[in-house]
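> The following comprises the amino acid sequence and a computationally predicted model.
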Amino acid sequence: MYSVAPEGASSRDVSRLVELVAVVERTQRAEDVEGFLALFDPGAVWVTGGGRRLIGLDTIAAFTRSVLPGAMADASVRYEVEHIQFFTPDIALTGVRQEYLDAGGKPLTPRSLGLPTYLWRRGADGDWSMVAGQNTGVPAEPAPARARK
């Protein structure tokens, strides 16, 4: 379950933002470049898991077209919304927990986790588009040290 702030935020908006994060997940799993890009505002900024900052939809599109096809050939990914924060009625942030999986849907060993953050803006059409995102990886926990004999 996820937290929402402030209390009393529109349940309709909350549901839509959760749905949009699910679209991010589906488009990543399906390697659906155009579906993924359709989520972005034209002036969006995206920071990749590797720390590369991409400014504007054209730059995000070029990068996505070069890396997404084939990226999920032997893998999958799961997204879970952890927090939704409304800064204004038309600006919201979704904090997500991401886990990469094998092709069978089982967690990788060692686990491969991420904590993406997406900033959304409501457009004139009433729907939300991503204006900024950061795909932050979580460092793997070191293996436990072996006990000395």
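Perfect, thanks for sending it. For clarity, every value in this text was computed on a predicted model and none was experimentally measured.

> For the longest strand seen in the chain, which helices and strands make contact with it?
Counting by DSSP state E, the longest strand found in the chain is strand 75-88. For strand 75-88, the packing partners by 3 or more C-beta pairs under 8 Å, 6 or more residues apart in numbering; DSSP states H and E come out as strand 3-5, helix 11-29, strand 91-102. Where you see a C-beta, it was placed from the backbone N, CA and C, and this is true even at glycine.

> What pLDDT is listed against the residue nearest to residue 3 when sequence neighbours are not counted?
In space, and not counting its chain neighbours, residue 3 is closest to residue 83: 4.9 Å by C-beta to C-beta, 6 or more residues apart in numbering. pLDDT for residue 83: 98.

> Surely residue 83 and residue 92 touch.
No: using C-beta atoms under 8 Å, residue 83 is not in contact with residue 92, being 10.4 Å away.

> quick one, which of these two is more surrounded?
Shown here are residue 83 and residue 92; by other C-beta atoms under 10 Å, residue 92 has more neighbours (24 against 14).

> Cheers, nothing more for now.
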